[in-house]
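K.L.:
got a predicted structure plus its sequence, pasted below:
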Amino acid sequence: MSDCCSPLVHAEKHPQKYCCPRNGMAYAEVPVRTITHHIKESWHWTPSAEHYYFCSDPDCDVVYFAEDGSTVLRDSLRSPVGVKALDEQSLLCYCFGVSRADFQRNPATRDFVVAQTQSGQCSCETSNPSGRCCLKDFPKPLK
């Protein structure tokens, strides 16, 4: 018996990474719900694609993009994206409001965020514009 009608055979896989239409570099997928939480007047935004990706390049104005070429630019968001705005007030942790300056003054802020994350108190999927855990955005400890 043929598997030609099996949904697994016909299910199209989408790429987990896709190239930003502005800078040509590949970036990871981000949930549409993340974009909805960050975009200004999200009630006016209608996603034009099923899958979106997050561009973390500080020199690129694109923040979110889709395979259909649609983009969401920096100025369309309610707040600055920490990995794109590398000033002292840019956020490293969106769940708990930890800025670069906070971390520089007190590196133990990372320990606090780790503990909160381990106890399930974070909301990175919606709070962080990348849709991912912010711990990777903290500067690496000096050895």
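P.N.:
Sure, I can see it.

K.L.:
identify the residue nearest Ala85 in space, chain neighbours excluded?
P.N.:
Beyond its immediate neighbours in the sequence, the residue positioned closest to Ala85 (CB to CB, 6 or more residues apart in numbering) is Pro58, lying 7.4 Å away. Where C-beta positions appear, they are placed from N, C-alpha and C, glycine not excepted.

K.L.:
actually Ser90, not the one I wrote
P.N.:
Gly82 (4.2 Å).

K.L.:
can you give me the helices for this structure?
P.N.:
Along the chain, the segments classed as helices by DSSP state H run 7-10, 32-38, 100-105, 108-118, 124-127.

K.L.:
any idea of the mean pLDDT for the last one?
P.N.:
To tie it back to what came earlier, the one meant is helix 124-127. Helix 124-127 carries an average pLDDT of 95.

K.L.:
for the residue nearest to Glu50 when sequence neighbours are not counted, give its distance to Tyr53.
P.N.:
Take Glu50 and drop its neighbours on the chain: the residue closest to it by CB to CB, 6+ apart is His14, 7.4 Å away. Distance of His14 to Tyr53, given as CB to CB, to the nearest Å: 10 Å.
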